[in-house]
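> I'll drop the sequence and a predicted model, then ask my questions.
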Number of protein chains: 2
Amino acid sequence: MKTEYADSFITSVVSTFDTMLGCDLRHGEAFTKDGRQPELDVSGVIGLSGKIKGMLVLSLSREAALSAAEALLGERPEEIDADVADIVGELANVIAGVVKGELADLELCLGLPTVITGKGHAVGFPRGTTPTCIPFESDWGSITAEVELAEHTTDAFDTTN
Amino acid sequence: MKTEYADSFITSVVSTFDTMLGCDLRHGEAFTKDGRQPELDVSGVIGLSGKIKGMLVLSLSREAALSAAEALLGERPEEIDADVADIVGELANVIAGVVKGELADLELCLGLPTVITGKGHAVGFPRGTTPTCIPFESDWGSITAEVELAEHTTDAFDTTN
């Protein structure tokens, strides 16, 4: 994925966590995801399409998700419940919305966010794509954005556009 | 979600499994998903957007995923590896593409498919939506499509369109 796109996701994640949650994120070095790591606790997933097609997977450790919920709700949930899931989905939605604005030339539209829960789940992207994994650290623990914006192609994994 | 949309997903799933895999699916009664069940083994996830926004989550049991891979590859993988994940993603992609054609008035564009692995993961949709869960049975075991196509709204979970 183009560095410009990855940079847009980095700034969007950082600004969204700052604005919505008052949480200061420090991003590590983005790298091309290879394989099915990392294993995740809760992930907000949202599709993007337009002149390009993509997916954002925003994953929070259990601790980070509970802390984010506490920041918004005023009390800390004991587990990753429906409230926490909704917040993670909303975070993914807002981040993708900021990216849509920043990369206006791509005329992105957003799908509906969904949230994956289940300890140790992993996300795979299609072969032939070069998804970027961006690690963030915070006082709440680790947060990861996995993202790809890929050109429309006609390979086997992409037969419909 | 409108019954018309659910029907389109049902026919698309059945025809895709028939055409691509030679697998005969029998669909159970579609119902509005409430909560975070069922627990899943491997899920192909793809966003849709256009005049409406949505997400398709196509989930296969471990047995069904391995059998689908065997049908395409000619030999049965021993575990849910990268080949199996790619096939599940491709199935979701093709099904969404068929729906895009069937519901042409919605001018849907597809995001990039991704695949979630991890035994016992679950998928949640935003509050205020009415996702439909469609169970299918086959000789390979259970397959589930969870899907929502929602109007653009301005509620808290949908701030960006």
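Here it is on my side, so go on. Keep in mind the model is a prediction, meaning the values are calculated, not measured.
> shaky segments in chain A?
The model of chain A has pLDDT under 70 over residues A:36, A:153-161.
> one more time with 90
For chain A, the stretches with pLDDT under 90 are A:1, A:33-40, A:119-120, A:127-128, A:151-161.
> isn't there a strand covering A:Val45?
Yes: assessed with DSSP: H, G, I helix; E, B strand; the rest coil, A:Val45 lies in a strand.
> Now A:Ser138. Nearest residue, chain neighbours left out?
Leaving out its chain neighbours, the residue that sits closest to A:Ser138 by CB to CB, 6 or more residues apart in numbering or on different chains is A:Leu25, at 5.1 Å. The C-beta positions use only the backbone N, C-alpha and C, and glycine is treated the same way.
> Also A:Phe125?
A:Pro131 (4.2 Å).
> Next: A:Gly118.
In space, and not counting its chain neighbours, A:Gly118 is closest to B:His121: 3.1 Å by CB to CB, 6+ apart.
> Name the residues linked to that neighbour by a beta bridge.
Beta-bridge pairing of B:His121 under DSSP bridges involves B:Leu40.
> B:Val45 is in contact with that one, correct?
No: at 10.7 Å, B:His121 does not count as touching B:Val45 under the criterion of CB atoms under 8 Å.
> Overlap of the contact sets of those two?
Counting by CB atoms under 8 Å, 6 or more residues apart in numbering or on different chains, the common neighbours of B:His121 and B:Val45 are A:Ile116.
> Have a look at those two and say which one is more surrounded.
It is B:Val45, of B:His121 and B:Val45, that has more neighbours when counted by other CB atoms under 10 Å in any protein chain shown, with 30 against 23.
> Any figure for the gap between that one and chain A?
As judged by CB to the nearest CB, to the nearest Å, B:Val45 and chain A stand 6 Å apart.
> who are the neighbours in contact with that residue?
Contact analysis of B:Val45 by CB under 8 Å, 6+ apart lists A:45, A:47, A:55, A:114, A:116, B:55-58, B:92, B:113-116, B:123.
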